[in-house]
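S.K.: test case, fold it:
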Amino acid sequence: MSTVCNRGNLIVLCAGLAWLATAPAQAAGFAVAVQTASALGTANAGVTAAAEDAGTAWFNPAGMARFQRSEVAQAVHFDLPSLEFDDHGSQPALGQRLGGNGGDAGRFAVIPPLYAIGHLDERVNVGLTINVPFGQKTKYDGGWLGRFQSLESEVKTISISPALSYRVDDHWWLGAGLSVQWVKATLTNDINYSAIVADRAIASGRLTPQQVAALLDPARPDTIAGLSGETEVEGDDLRVGWNVGVIYSHDDRLRIGAQFRSKIRYRLEGHASFQPPTSANPLANAIIAAASAPGAPLANTDLSASIGLPPSASVGVWWQATPALALMFDAQWTGWSSFDSVSFIRGNGSTLATVVYDWRDTWRFAAGATYRVSDAWQFRGGIAYDQTVIRNDAERGARLPDAAKLWFTVGARYDWKPQDTWFDIALSYVDSRDASIHQNNGSTAAYGLLDGTYQSHVFIVSLQATKRF
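M.R.: Residues are numbered from 1 along each chain as shown. All right, here's what the predicted structure looks like:
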């Protein structure tokens, strides 16, 4: 990831304005992979073809054609992520102390998606999903060594997705749907005002480099060292996307499915706010006041940004190998390379910053199985591999210390009233590879150098109740 700023804005929070460059609790980029407890039990293996419960309205609407009764499924997922940084030689920003390692930046989350299928006739069914397809929250300790690159990042989405399926015959099922998605992003970080004062004082000729170096001594009463303030960027938007799917059902024992979900282009509208510090040095106060005046680089302003959440496609296979054992596989492609750059436009039409990404498309592969031990109990297990959007360590940032992941999942289903009411539970451990980082966002003086390794993992507990009518 690289950042391009307007002339005169070199020491601004350009990298801090990377709205959605945040690590997910679960999948690559900032996608949320966990949707139903039943699917989590097999690490989402076979979801494109299985059509096991109302969750197929999201995974592949063609699967709704299998249902001869209406159905509602309510799930709730408890995500317990951990994200910790291990310093290997980071460097402080100009005029600032280094700071600590940031603590555990992972934040507990509860996700309660709802899925429903309405049976209309022998050929046509309708569905509705209310879920969270993208999202993330990370929060570092105040004063940590990467505070000028990231403090808090929160991305929220809510999607309401109606869908329709059509049963061509016993073998071919088709489906399509719309996704009305709302997204909101809130990002905070500190700004190094000491570097701003030093840069402007020298550039304006009011101080020499030697005089600035002397004023950076924290022991001086008129020091310009340690000047920092927090900034917050926030914006939201509502847009519509679409998806289509198909399933070929060879017989009751074998199904093959495919689905495609469109890219959604947003224009986030919001604001950027700044909290400038005060100094015992009159010249520093004058420079900070000028930089914070209306229309200046660090002035509070309305803000907009155009972003595109990526398209995705998946194929899956579900096979009832024996009366008790079912095997399944899924492969999903996500077009993260389309998330190429984000330009942040002030209310007056000028560009505050442009963040350029070099992300790659990713693949996720999952394999799983279910085994029915009795009329009441079924057990599940699965494993999945998730690629990272990051091409190399140089592109990894504090807002996205993303890495390849391995999923290990188990689950169970209890049929309280067979073919009528049942409950699912799933447990998952998502282990990320250690992620190296060597990032200064283009300027060690402004942002410091973050040099070290991230370790992260996620525990997920998922519950679900399903009822047929």
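S.K.: part of a strand, is Thr48?
M.R.: No. Checked against DSSP: H, G, I helix; E, B strand; the rest coil, Thr48 lies outside a strand; its state is helix.
S.K.: tally of neighbours for it?
M.R.: Using other CB atoms under 10 Å, the number of residues around Thr48 comes to 31. (C-beta placed from N, C-alpha, C; glycine too.)
S.K.: distance of it relative to Ala366?
M.R.: Counting by CB to CB, to the nearest Å, the gap between Thr48 and Ala366 amounts to 10 Å.
S.K.: between these two, what contacts are shared?
M.R.: By CB atoms under 8 Å, 6 or more residues apart in numbering, Thr48 and Ala366 have these common neighbours: Asp330.
S.K.: need the longest strand for the protein.
M.R.: In the chain, taking DSSP state E as the definition, the longest strand is strand 228-251.
S.K.: quick check: next helix or strand after that one?
M.R.: The helix or strand immediately downstream of strand 228-251 is strand 254-261, counting by DSSP states H and E.
S.K.: quick one: work out the angle between the longest strand of the chain and strand 254-261.
M.R.: 140 degrees (axes from the mean of the first three to the mean of the last three CA atoms, to 10 degrees).
S.K.: just the CA atoms of strand 228-251, as PDB, please.
M.R.: The C-alpha coordinates for strand 228-251 follow below in PDB (Å, rounded to 0.1, in the frame of the first residue of the first chain):
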ATOM      1  CA  SER A 228       0.600  15.100  18.800                       C
ATOM      2  CA  GLY A 229      -3.200  15.100  18.300                       C
ATOM      3  CA  GLU A 230      -5.800  12.500  17.300                       C
ATOM      4  CA  THR A 231      -7.800  12.500  14.100                       C
ATOM      5  CA  GLU A 232     -10.900  10.700  13.200                       C
ATOM      6  CA  VAL A 233     -12.300   9.900   9.700                       C
ATOM      7  CA  GLU A 234     -15.900   8.600   9.400                       C
ATOM      8  CA  GLY A 235     -18.200   8.000   6.500                       C
ATOM      9  CA  ASP A 236     -21.100   5.800   5.300                       C
ATOM     10  CA  ASP A 237     -23.100   4.900   2.200                       C
ATOM     11  CA  LEU A 238     -25.900   2.600   1.000                       C
ATOM     12  CA  ARG A 239     -25.700   0.700  -2.400                       C
ATOM     13  CA  VAL A 240     -27.100  -2.300  -4.200                       C
ATOM     14  CA  GLY A 241     -25.400  -5.400  -5.700                       C
ATOM     15  CA  TRP A 242     -26.600  -8.600  -7.200                       C
ATOM     16  CA  ASN A 243     -25.800 -12.300  -7.300                       C
ATOM     17  CA  VAL A 244     -26.700 -15.400  -9.400                       C
ATOM     18  CA  GLY A 245     -26.300 -19.100  -8.800                       C
ATOM     19  CA  VAL A 246     -27.000 -22.500 -10.300                       C
ATOM     20  CA  ILE A 247     -27.100 -26.000  -8.900                       C
ATOM     21  CA  TYR A 248     -27.000 -29.300 -10.800                       C
ATOM     22  CA  SER A 249     -28.500 -32.100  -8.700                       C
ATOM     23  CA  HIS A 250     -27.500 -35.400 -10.300                       C
ATOM     24  CA  ASP A 251     -29.700 -37.300  -7.700                       C
END
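S.K.: low-confidence regions, the protein specifically.
M.R.: Low-confidence segments of the chain (pLDDT under 70): 1-28.
S.K.: can you give me the helices in it?
M.R.: Secondary structure of the chain (DSSP state H): helices at 37-40, 47-50, 56-59, 193-203, 209-215, 282-292, 444-447.
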